[in-house]
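Novice: What follows is a predicted protein model with its sequence.
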Amino acid sequence: MQKITNRLLSWASMLEESTEQQARTTADMPFVYPHLALMPDAHLGLGATVGSVIPTLGAVMPAAVGVDIGCGMIAVRTGFHRSDLPTDLRSLRESIERAIPVSAGASNRTIVETAAPRIADLEARAERAGFDPAGALAKWRNQLGTLGSGNHFIEVSLDEDGRVWLFLHSGSRGVGNKIAQRHIAVAKHAMERWWIELPDPDLAYLVEGTAEFDRYIAELRWAQHFALLNREEMMDRVVRQLAGVVDSEVQELERINCHHNFTQREEHWGKSVWVSRKGAIQARSGQPGLIPGSMGTASYVVEGRGNKPSLESSPHGAGRSYSRSAARRTFTHEQLRQAMVGIEYRDTDAFLDEIPAAYKPIDQVMADAADLVTVRHTLRQIVNVKGD
(Lines give C-alpha, C1' and ligand atoms only; values in the text may rest on other atoms or scores of the structure.)
Protein backbone atom coordinates (compact mmCIF):
# COMPACT_ATOMS: atom_id res chain seq x y z
CA MET A 1 0.00 0.00 0.00
CA GLN A 2 1.18 3.52 -0.87
CA LYS A 3 -0.23 6.65 0.76
CA ILE A 4 -0.48 9.16 -2.07
CA THR A 5 -2.40 11.74 -0.02
CA ASN A 6 -4.39 11.62 3.21
CA ARG A 7 -7.48 10.99 1.07
CA LEU A 8 -5.96 8.55 -1.45
CA LEU A 9 -4.35 5.17 -0.78
CA SER A 10 -3.03 3.03 -3.64
CA TRP A 11 -2.14 -0.64 -4.10
CA ALA A 12 -1.16 -0.11 -7.75
CA SER A 13 2.50 -0.50 -8.72
CA MET A 14 1.49 0.14 -12.36
CA LEU A 15 -0.18 3.54 -12.17
CA GLU A 16 -0.28 6.01 -15.04
CA GLU A 17 0.00 9.69 -14.13
CA SER A 18 -3.37 10.46 -15.72
CA THR A 19 -5.04 7.69 -13.71
CA GLU A 20 -3.53 8.94 -10.46
CA GLN A 21 -4.68 12.48 -11.20
CA GLN A 22 -8.21 11.29 -11.93
CA ALA A 23 -8.27 9.37 -8.63
CA ARG A 24 -6.94 12.43 -6.75
CA THR A 25 -9.75 14.54 -8.19
CA THR A 26 -12.38 12.04 -7.05
CA ALA A 27 -10.78 11.63 -3.63
CA ASP A 28 -10.98 15.40 -3.09
CA MET A 29 -14.77 15.43 -3.32
CA PRO A 30 -15.89 16.80 0.08
CA PHE A 31 -18.12 13.86 1.01
CA VAL A 32 -15.49 11.12 0.47
CA TYR A 33 -14.79 9.51 3.87
CA PRO A 34 -12.23 8.59 5.03
CA HIS A 35 -10.28 8.05 1.78
CA LEU A 36 -10.42 6.55 -1.71
CA ALA A 37 -8.71 3.17 -2.11
CA LEU A 38 -7.10 2.57 -5.51
CA MET A 39 -6.79 -1.07 -6.54
CA PRO A 40 -3.82 -2.70 -8.36
CA ASP A 41 -5.70 -2.82 -11.68
CA ALA A 42 -6.62 0.89 -11.69
CA HIS A 43 -7.01 2.67 -15.04
CA LEU A 44 -8.85 5.65 -16.48
CA GLY A 45 -12.63 5.53 -16.38
CA LEU A 46 -15.60 7.79 -17.02
CA GLY A 47 -15.51 10.32 -14.18
CA ALA A 48 -14.14 7.98 -11.52
CA THR A 49 -11.23 5.61 -12.02
CA VAL A 50 -11.90 1.95 -12.83
CA GLY A 51 -10.40 0.04 -9.93
CA SER A 52 -11.41 2.46 -7.20
CA VAL A 53 -13.29 2.05 -3.92
CA ILE A 54 -15.11 5.25 -3.00
CA PRO A 55 -16.78 5.62 0.41
CA THR A 56 -19.13 8.60 0.62
CA LEU A 57 -21.19 10.30 3.32
CA GLY A 58 -24.68 11.44 2.34
CA ALA A 59 -24.16 11.31 -1.43
CA VAL A 60 -23.53 8.90 -4.31
CA MET A 61 -21.99 9.65 -7.72
CA PRO A 62 -23.80 7.48 -10.32
CA ALA A 63 -20.88 7.58 -12.77
CA ALA A 64 -18.59 6.33 -9.98
CA VAL A 65 -20.67 3.15 -9.89
CA GLY A 66 -20.47 2.80 -13.66
CA VAL A 67 -22.90 2.21 -16.49
CA ASP A 68 -22.84 -1.59 -16.26
CA ILE A 69 -24.49 -1.71 -12.84
CA GLY A 70 -23.80 -4.96 -11.01
CA CYS A 71 -21.24 -6.23 -13.50
CA GLY A 72 -19.34 -9.13 -12.00
CA MET A 73 -18.24 -12.74 -12.08
CA ILE A 74 -19.65 -16.19 -11.38
CA ALA A 75 -17.74 -19.48 -11.20
CA VAL A 76 -18.66 -23.11 -10.61
CA ARG A 77 -16.23 -25.81 -9.54
CA THR A 78 -17.40 -29.08 -11.04
CA GLY A 79 -16.58 -32.67 -10.16
CA PHE A 80 -14.95 -33.21 -13.57
CA HIS A 81 -11.27 -33.36 -14.54
CA ARG A 82 -9.75 -32.62 -17.94
CA SER A 83 -9.78 -36.32 -18.78
CA ASP A 84 -13.60 -36.27 -18.54
CA LEU A 85 -13.84 -33.76 -21.39
CA PRO A 86 -13.52 -34.53 -25.10
CA THR A 87 -10.13 -33.93 -26.68
CA ASP A 88 -11.67 -31.58 -29.26
CA LEU A 89 -13.47 -28.83 -27.34
CA ARG A 90 -15.00 -27.10 -30.33
CA SER A 91 -18.37 -28.81 -29.84
CA LEU A 92 -18.53 -27.54 -26.26
CA ARG A 93 -17.76 -23.98 -27.31
CA GLU A 94 -20.32 -24.04 -30.08
CA SER A 95 -23.01 -25.51 -27.85
CA ILE A 96 -22.46 -22.71 -25.32
CA GLU A 97 -22.68 -20.13 -28.12
CA ARG A 98 -25.98 -21.64 -29.25
CA ALA A 99 -27.45 -21.63 -25.73
CA ILE A 100 -26.43 -18.10 -24.73
CA PRO A 101 -26.89 -15.03 -26.96
CA VAL A 102 -23.66 -13.03 -27.13
CA SER A 103 -22.69 -9.60 -28.48
CA ALA A 104 -24.08 -6.14 -27.78
CA GLY A 105 -27.88 -5.91 -27.86
CA ALA A 106 -28.36 -9.67 -28.14
CA SER A 107 -31.62 -11.10 -26.76
CA ASN A 108 -33.27 -14.47 -26.24
CA ARG A 109 -35.99 -15.37 -28.72
CA THR A 110 -37.97 -17.15 -26.00
CA ILE A 111 -37.92 -17.24 -22.21
CA VAL A 112 -36.61 -20.63 -21.12
CA GLU A 113 -37.79 -22.59 -18.10
CA THR A 114 -34.96 -21.56 -15.76
CA ALA A 115 -35.32 -17.87 -16.66
CA ALA A 116 -39.07 -17.63 -15.93
CA PRO A 117 -38.90 -17.64 -12.10
CA ARG A 118 -35.99 -15.21 -12.17
CA ILE A 119 -37.97 -12.82 -14.33
CA ALA A 120 -40.94 -13.18 -11.98
CA ASP A 121 -38.65 -12.30 -9.06
CA LEU A 122 -37.41 -9.20 -10.89
CA GLU A 123 -40.95 -8.15 -11.79
CA ALA A 124 -41.99 -8.41 -8.13
CA ARG A 125 -38.96 -6.42 -6.99
CA ALA A 126 -39.65 -3.71 -9.55
CA GLU A 127 -43.26 -3.45 -8.41
CA ARG A 128 -42.18 -3.11 -4.77
CA ALA A 129 -39.64 -0.46 -5.81
CA GLY A 130 -42.34 1.42 -7.70
CA PHE A 131 -40.80 1.53 -11.15
CA ASP A 132 -41.23 -0.09 -14.55
CA PRO A 133 -37.97 -1.49 -16.01
CA ALA A 134 -39.56 -1.38 -19.46
CA GLY A 135 -39.29 2.39 -19.21
CA ALA A 136 -35.54 1.85 -19.47
CA LEU A 137 -35.55 -1.06 -21.91
CA ALA A 138 -38.67 -2.72 -23.26
CA LYS A 139 -36.98 -6.06 -23.98
CA TRP A 140 -35.25 -6.45 -20.60
CA ARG A 141 -36.91 -9.83 -19.92
CA ASN A 142 -35.41 -11.28 -23.09
CA GLN A 143 -31.93 -10.06 -22.12
CA LEU A 144 -31.82 -12.12 -18.94
CA GLY A 145 -29.37 -14.89 -19.75
CA THR A 146 -27.32 -12.97 -22.36
CA LEU A 147 -23.62 -12.18 -22.31
CA GLY A 148 -22.92 -8.90 -24.06
CA SER A 149 -19.60 -7.99 -25.64
CA GLY A 150 -16.33 -6.23 -24.80
CA ASN A 151 -14.53 -7.91 -21.92
CA HIS A 152 -17.50 -10.10 -21.00
CA PHE A 153 -16.76 -13.80 -21.48
CA ILE A 154 -17.62 -17.40 -20.71
CA GLU A 155 -14.76 -19.78 -20.02
CA VAL A 156 -14.14 -23.40 -19.23
CA SER A 157 -10.98 -23.56 -17.13
CA LEU A 158 -8.74 -25.97 -15.25
CA ASP A 159 -7.32 -25.35 -11.80
CA GLU A 160 -3.92 -26.43 -10.51
CA ASP A 161 -5.19 -30.00 -10.02
CA GLY A 162 -6.81 -30.27 -13.45
CA ARG A 163 -10.34 -29.85 -12.08
CA VAL A 164 -12.88 -28.27 -14.43
CA TRP A 165 -14.32 -24.84 -13.56
CA LEU A 166 -16.98 -22.86 -15.42
CA PHE A 167 -16.36 -19.13 -15.26
CA LEU A 168 -18.16 -16.12 -16.73
CA HIS A 169 -18.25 -12.32 -16.59
CA SER A 170 -21.28 -10.14 -17.33
CA GLY A 171 -23.60 -7.54 -15.84
CA SER A 172 -27.02 -5.91 -16.08
CA ARG A 173 -26.98 -5.62 -19.87
CA GLY A 174 -29.01 -2.94 -21.68
CA VAL A 175 -31.47 -2.26 -18.90
CA GLY A 176 -28.76 -1.54 -16.34
CA ASN A 177 -26.96 0.72 -18.79
CA LYS A 178 -30.12 2.71 -19.48
CA ILE A 179 -30.85 3.07 -15.76
CA ALA A 180 -27.30 4.28 -15.11
CA GLN A 181 -27.28 6.77 -18.00
CA ARG A 182 -30.59 8.26 -16.89
CA HIS A 183 -29.43 8.85 -13.32
CA ILE A 184 -26.07 10.25 -14.42
CA ALA A 185 -28.06 12.81 -16.43
CA VAL A 186 -30.31 13.52 -13.41
CA ALA A 187 -27.23 14.12 -11.23
CA LYS A 188 -25.69 16.48 -13.80
CA HIS A 189 -28.95 18.41 -14.03
CA ALA A 190 -29.02 18.67 -10.22
CA MET A 191 -25.55 20.21 -10.24
CA GLU A 192 -26.73 22.83 -12.74
CA ARG A 193 -29.87 23.51 -10.73
CA TRP A 194 -27.87 24.03 -7.52
CA TRP A 195 -25.12 26.05 -9.25
CA ILE A 196 -22.45 23.54 -8.21
CA GLU A 197 -19.27 23.56 -10.28
CA LEU A 198 -17.32 20.30 -10.42
CA PRO A 199 -13.77 19.50 -11.57
CA ASP A 200 -15.33 16.85 -13.85
CA PRO A 201 -19.02 16.80 -14.87
CA ASP A 202 -19.05 13.01 -14.44
CA LEU A 203 -18.51 13.46 -10.70
CA ALA A 204 -22.07 14.77 -10.46
CA TYR A 205 -23.77 13.41 -7.36
CA LEU A 206 -27.15 12.79 -5.79
CA VAL A 207 -27.77 13.88 -2.20
CA GLU A 208 -29.17 11.44 0.34
CA GLY A 209 -32.64 12.41 1.50
CA THR A 210 -33.79 13.67 -1.90
CA ALA A 211 -36.32 11.97 -4.15
CA GLU A 212 -33.68 11.68 -6.89
CA PHE A 213 -31.31 9.84 -4.56
CA ASP A 214 -34.01 7.45 -3.35
CA ARG A 215 -35.09 6.66 -6.91
CA TYR A 216 -31.51 5.97 -7.99
CA ILE A 217 -30.82 3.62 -5.08
CA ALA A 218 -34.07 1.71 -5.68
CA GLU A 219 -33.35 1.19 -9.38
CA LEU A 220 -29.64 0.54 -8.74
CA ARG A 221 -30.49 -2.29 -6.32
CA TRP A 222 -32.87 -3.76 -8.86
CA ALA A 223 -30.23 -3.61 -11.60
CA GLN A 224 -27.64 -5.19 -9.30
CA HIS A 225 -30.05 -8.07 -8.67
CA PHE A 226 -30.74 -8.37 -12.41
CA ALA A 227 -26.99 -8.69 -13.01
CA LEU A 228 -26.64 -11.40 -10.36
CA LEU A 229 -29.58 -13.39 -11.78
CA ASN A 230 -28.32 -12.86 -15.33
CA ARG A 231 -25.07 -14.59 -14.37
CA GLU A 232 -26.94 -17.37 -12.56
CA GLU A 233 -29.13 -17.98 -15.61
CA MET A 234 -26.17 -18.12 -17.99
CA MET A 235 -24.25 -20.41 -15.65
CA ASP A 236 -27.20 -22.81 -15.50
CA ARG A 237 -27.15 -22.93 -19.30
CA VAL A 238 -23.39 -23.54 -19.41
CA VAL A 239 -23.84 -26.39 -16.93
CA ARG A 240 -26.53 -27.92 -19.16
CA GLN A 241 -24.32 -27.67 -22.24
CA LEU A 242 -21.40 -29.28 -20.45
CA ALA A 243 -23.65 -32.10 -19.27
CA GLY A 244 -24.82 -32.68 -22.82
CA VAL A 245 -21.31 -32.80 -24.25
CA VAL A 246 -19.92 -35.22 -21.63
CA ASP A 247 -23.23 -37.12 -21.40
CA SER A 248 -23.19 -36.96 -17.62
CA GLU A 249 -24.79 -34.86 -14.90
CA VAL A 250 -22.60 -31.98 -13.68
CA GLN A 251 -21.78 -32.12 -9.99
CA GLU A 252 -21.47 -28.57 -8.63
CA LEU A 253 -19.00 -28.54 -5.75
CA GLU A 254 -18.94 -24.76 -5.32
CA ARG A 255 -20.61 -21.67 -6.83
CA ILE A 256 -19.37 -18.11 -6.30
CA ASN A 257 -21.18 -15.00 -7.62
CA CYS A 258 -19.86 -11.49 -6.93
CA HIS A 259 -20.36 -7.93 -8.21
CA HIS A 260 -17.54 -5.55 -9.07
CA ASN A 261 -19.55 -2.47 -10.18
CA PHE A 262 -21.92 -1.67 -7.32
CA THR A 263 -22.85 0.48 -4.35
CA GLN A 264 -24.02 -0.58 -0.92
CA ARG A 265 -24.17 0.84 2.60
CA GLU A 266 -21.40 -0.37 4.92
CA GLU A 267 -19.85 0.53 8.27
CA HIS A 268 -16.26 1.83 8.17
CA TRP A 269 -14.34 3.76 10.81
CA GLY A 270 -17.42 4.12 12.94
CA LYS A 271 -19.61 5.68 10.27
CA SER A 272 -22.25 4.40 7.88
CA VAL A 273 -21.06 5.17 4.34
CA TRP A 274 -22.08 4.34 0.80
CA VAL A 275 -19.23 2.31 -0.70
CA SER A 276 -19.07 2.47 -4.49
CA ARG A 277 -16.76 -0.17 -5.94
CA LYS A 278 -16.07 0.64 -9.58
CA GLY A 279 -14.00 -2.26 -10.83
CA ALA A 280 -13.39 -3.78 -7.40
CA ILE A 281 -14.86 -6.62 -5.36
CA GLN A 282 -15.70 -6.79 -1.68
CA ALA A 283 -13.09 -8.84 0.19
CA ARG A 284 -14.15 -9.26 3.82
CA SER A 285 -12.16 -11.77 5.85
CA GLY A 286 -12.91 -15.23 4.48
CA GLN A 287 -15.24 -13.95 1.74
CA PRO A 288 -14.81 -15.83 -1.57
CA GLY A 289 -14.17 -13.79 -4.69
CA LEU A 290 -13.19 -14.00 -8.35
CA ILE A 291 -10.47 -12.06 -10.18
CA PRO A 292 -10.19 -12.78 -13.91
CA GLY A 293 -7.23 -12.12 -16.11
CA SER A 294 -7.59 -11.22 -19.77
CA MET A 295 -8.40 -13.79 -22.44
CA GLY A 296 -5.46 -16.15 -22.73
CA THR A 297 -4.15 -15.60 -19.19
CA ALA A 298 -4.89 -16.91 -15.69
CA SER A 299 -7.87 -16.15 -13.46
CA TYR A 300 -8.03 -16.51 -9.70
CA VAL A 301 -10.43 -17.80 -7.09
CA VAL A 302 -9.58 -15.84 -3.95
CA GLU A 303 -10.54 -15.33 -0.33
CA GLY A 304 -10.72 -11.89 1.22
CA ARG A 305 -8.32 -10.85 3.97
CA GLY A 306 -10.52 -8.09 5.37
CA ASN A 307 -7.91 -5.38 4.80
CA LYS A 308 -9.28 -2.29 6.59
CA PRO A 309 -7.50 0.53 4.71
CA SER A 310 -8.81 -0.93 1.41
CA LEU A 311 -12.34 -0.86 2.85
CA GLU A 312 -12.22 -4.67 2.64
CA SER A 313 -11.80 -4.66 -1.13
CA SER A 314 -9.65 -6.15 -3.87
CA PRO A 315 -9.06 -5.76 -7.64
CA HIS A 316 -11.54 -7.13 -10.14
CA GLY A 317 -9.20 -8.13 -12.97
CA ALA A 318 -6.18 -7.13 -15.00
CA GLY A 319 -7.10 -3.54 -15.91
CA ARG A 320 -6.45 -2.07 -19.33
CA SER A 321 -3.07 -0.69 -20.43
CA TYR A 322 -4.28 0.17 -23.96
CA SER A 323 -7.62 1.64 -24.94
CA ARG A 324 -9.64 -0.45 -27.37
CA SER A 325 -8.75 1.79 -30.32
CA ALA A 326 -5.06 1.86 -29.33
CA ALA A 327 -5.00 -1.94 -29.03
CA ARG A 328 -6.41 -2.29 -32.54
CA ARG A 329 -3.73 0.05 -33.88
CA THR A 330 -0.93 -1.69 -31.99
CA PHE A 331 -1.53 -5.45 -32.20
CA THR A 332 -2.17 -7.92 -35.01
CA HIS A 333 -4.47 -10.87 -35.54
CA GLU A 334 -1.46 -13.16 -35.61
CA GLN A 335 -0.34 -11.91 -32.19
CA LEU A 336 -3.80 -12.70 -30.85
CA ARG A 337 -3.57 -16.21 -32.30
CA GLN A 338 -0.21 -16.74 -30.60
CA ALA A 339 -1.62 -15.56 -27.27
CA MET A 340 -4.53 -18.02 -27.57
CA VAL A 341 -2.52 -21.14 -28.47
CA GLY A 342 -4.04 -24.17 -26.74
CA ILE A 343 -7.39 -22.46 -26.08
CA GLU A 344 -10.55 -23.24 -28.02
CA TYR A 345 -12.01 -19.90 -29.15
CA ARG A 346 -13.68 -18.25 -32.12
CA ASP A 347 -10.71 -17.07 -34.20
CA THR A 348 -11.63 -13.58 -35.36
CA ASP A 349 -9.96 -10.18 -35.33
CA ALA A 350 -13.14 -8.83 -33.69
CA PHE A 351 -11.43 -9.72 -30.39
CA LEU A 352 -8.17 -7.92 -31.16
CA ASP A 353 -8.90 -5.18 -28.60
CA GLU A 354 -9.12 -7.93 -25.96
CA ILE A 355 -5.64 -9.34 -26.63
CA PRO A 356 -3.84 -10.04 -23.31
CA ALA A 357 -1.11 -7.51 -24.16
CA ALA A 358 -3.75 -4.74 -24.01
CA TYR A 359 -4.09 -5.41 -20.27
CA LYS A 360 -1.85 -5.08 -17.25
CA PRO A 361 -0.05 -8.35 -16.35
CA ILE A 362 -2.46 -10.21 -14.08
CA ASP A 363 0.40 -11.79 -12.13
CA GLN A 364 1.65 -8.31 -11.11
CA VAL A 365 -1.88 -7.26 -10.19
CA MET A 366 -2.14 -10.29 -7.91
CA ALA A 367 1.28 -9.60 -6.38
CA ASP A 368 0.12 -6.07 -5.57
CA ALA A 369 -3.03 -7.52 -4.00
CA ALA A 370 -1.18 -9.88 -1.65
CA ASP A 371 -2.42 -8.10 1.49
CA LEU A 372 -5.98 -7.87 0.12
CA VAL A 373 -6.73 -11.50 -0.81
CA THR A 374 -5.37 -15.01 -0.51
CA VAL A 375 -5.31 -17.08 -3.71
CA ARG A 376 -7.27 -20.34 -3.37
CA HIS A 377 -7.11 -21.51 -6.99
CA THR A 378 -5.35 -20.45 -10.19
CA LEU A 379 -7.42 -21.16 -13.30
CA ARG A 380 -6.19 -21.62 -16.87
CA GLN A 381 -8.82 -21.42 -19.58
CA ILE A 382 -9.24 -24.12 -22.21
CA VAL A 383 -12.44 -22.74 -23.81
CA ASN A 384 -13.22 -19.04 -24.35
CA VAL A 385 -16.55 -17.60 -25.56
CA LYS A 386 -16.93 -13.89 -26.30
CA GLY A 387 -19.32 -11.60 -28.15
CA ASP A 388 -18.34 -9.33 -31.05
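Specialist: Cool, the structure landed.

Novice: Given the helix or strand encompassing S314, what are its sheet partners and their directions?
Specialist: Element membership for S314 (DSSP states H and E) is strand 313-315. Strand 313-315 has its sheet partners listed here by DSSP bridges as strand 280-282 (antiparallel).

Novice: mind listing the helices for the protein?
Specialist: 17-27, 62-65, 90-99, 115-129, 140-143, 173-193, 211-246, 324-330, 333-339, 362-368 (DSSP state H).

Novice: Would you check how far apart the residue nearest to A64 when sequence neighbours are not counted and H189 are?
Specialist: Once its chain neighbours are removed from consideration, A64 has its nearest residue in A48; the separation is 3.8 Å (C-beta to C-beta, 6 or more residues apart in numbering). Every residue, glycine included, has its C-beta placed from N, CA and C. Taken as C-beta to C-beta, to the nearest Å, the spacing of A48 relative to H189 amounts to 19 Å.

Novice: Same check on G293?
Specialist: Taken as C-beta to C-beta, the span from G293 to H189 is 39 Å.

Novice: end to end, how far does stretch 343-363 reach?
Specialist: Its first and final residues considered, stretch 343-363 spans 19 Å by C-alpha to C-alpha, to the nearest Å.

Novice: my bad, should have said stretch 15-34
Specialist: Across its full length, stretch 15-34 reaches 22 Å end to end, with C-alpha to C-alpha as the criterion.

Novice: which residues touch the closest residue to D371 other than its chain neighbours?
Specialist: Once its chain neighbours are removed from consideration, D371 has its nearest residue in N307; the separation is 5.7 Å (C-beta to C-beta, 6+ apart). When contacts are counted by C-beta atoms under 8 Å, 6 or more residues apart in numbering, N307 is found next to 283, 313, 371-372.

Novice: V301 is in contact with Q287, correct?
Specialist: No - counting by C-beta atoms under 8 Å, Q287 does not reach V301; the two are 11.9 Å apart.

Novice: what about these two, which has more around it?
Specialist: Between Q287 and V301, V301 has the larger neighbour count (other C-beta atoms under 10 Å), namely 23 against 18.

Novice: In the sheet, which residues pair with the more buried one? Tell me.
Specialist: L290, H377.

Novice: quick one: it and A283, what's the gap?
Specialist: Taking C-beta to C-beta, one finds V301 at 13 Å from A283.

Novice: who touches both of those two?
Specialist: G289.

Novice: on that earlier part again, nearest to M73 among the helices of the chain would be which one?
Specialist: Distances from M73 to each of the helices of the chain were compared by C-beta to C-beta, and the smallest falls on helix 211-246, at 7.5 Å.

Novice: chain center to that closest one, what's the gap?
Specialist: Computed by C-alpha atoms, centre = their mean, to the nearest Å, the separation of helix 211-246 from the middle of its chain amounts to 12 Å.

Novice: Next up, the contacts around T330.
Specialist: Contacts of T330 (C-beta under 8 Å, 6+ apart): 322, 357-358.
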